[in-house]
Every structure is written in C-alpha cells, then in structure tokens.
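show me the folded form of this:
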Amino acid sequence: MATEFVFNERLGIELPLLQMAWEDYAPARQEGILAQWESIRGTIPDRIHDIEQIINTKQDQLGVEENFERSCELNWEIAELASVINDLWLWYRTHQDINLKLHL
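Model (predicted):
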C-alpha cells in the first residue's frame, strides 16, 4: 500500500497522506516514507523565510496605510501568514518526533 504525499496549497508543501497507522508500516517502508519526508521537510525553513518576507512587506504597507478597511485586511493577511508559519513549524518538528520513536 503506497503512501502518498499531497500538495497542501495553504502551506505550500507536500504532506504525507498515510493509508494506515504508522506502526502498521514495515520498518523498510517507514524508512522510505521518512526519507521522502526529510527531503520535503528540508524545504520548510526556506518556505518560512519567504513567508516572513511577505509579512514584512505587509507590515510596511500597514505602517503607512490610512484606509481603515485596508488596514483590517492587511492585519488579517498578516495573521493568516503567521498561522501558516506556525503550522509549518509544527510539520517541521513532526519528523523529529517520529525519528525519536524509531530509535527508542
């Protein structure tokens, strides 16, 4: 049974779509999944950096924006981008948790 990695539009990365419980995969398959995930995981810090640049630009726009409605929109956009960064960090740490389980 193959494990698919599916592109997540919001996060901008592929995420694993496990077809069964992690423990039910054979150790060799777990290693293959982890290898693929490690490759994807390695892109997360760059993705976060790119989003931080967008946030900085929006904060600069917010600093000079005089239209209240547009200020609210910018604040919402910044909050959404910050949420994406938070979720990316959670996914980034996921591998560490799984890797620790394999080595225990």
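
the strands in this structure, which residues?
For the chain, applying DSSP state E gives strands covering 4-8, 13-17.

mind giving me TSV with the ones you listed and columns for mean neighbour count?
C-betas here are computed from N, CA, C, even on glycine. Listed next are those as TSV, based on neighbours: other C-beta atoms under 10 Å:
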stretch	mean neighbour count
strand 4-8	11
strand 13-17	15
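
and residue 88, how many neighbours?
22 (other C-beta atoms under 10 Å).

actually residue 78, sorry about that
Neighbour number of residue 78 under other C-beta under 10 Å is 18.

the one 5 residues further on now?
Here the number of neighbours of residue 83 (other C-beta under 10 Å) works out to 11.

do you know the pLDDT at it?
At residue 83, the pLDDT value in this model is 98.

distance of the residue nearest the centre of the chain relative to residue 29?
In the chain, the centroid-proximal residue (C-alpha atoms, centre = their mean) is residue 88; its distance is 2.6 Å. Distance check for residue 88 against residue 29: by C-beta to C-beta, to the nearest Å, it reads 25 Å.

run the chain-centre distance for the longest helix along the chain.
Secondary structure of the chain read by DSSP state H shows that its longest helix is helix 68-103. Centre-to-centre, helix 68-103 and its host chain are 6 Å apart (C-alpha atoms, centre = their mean, to the nearest Å).
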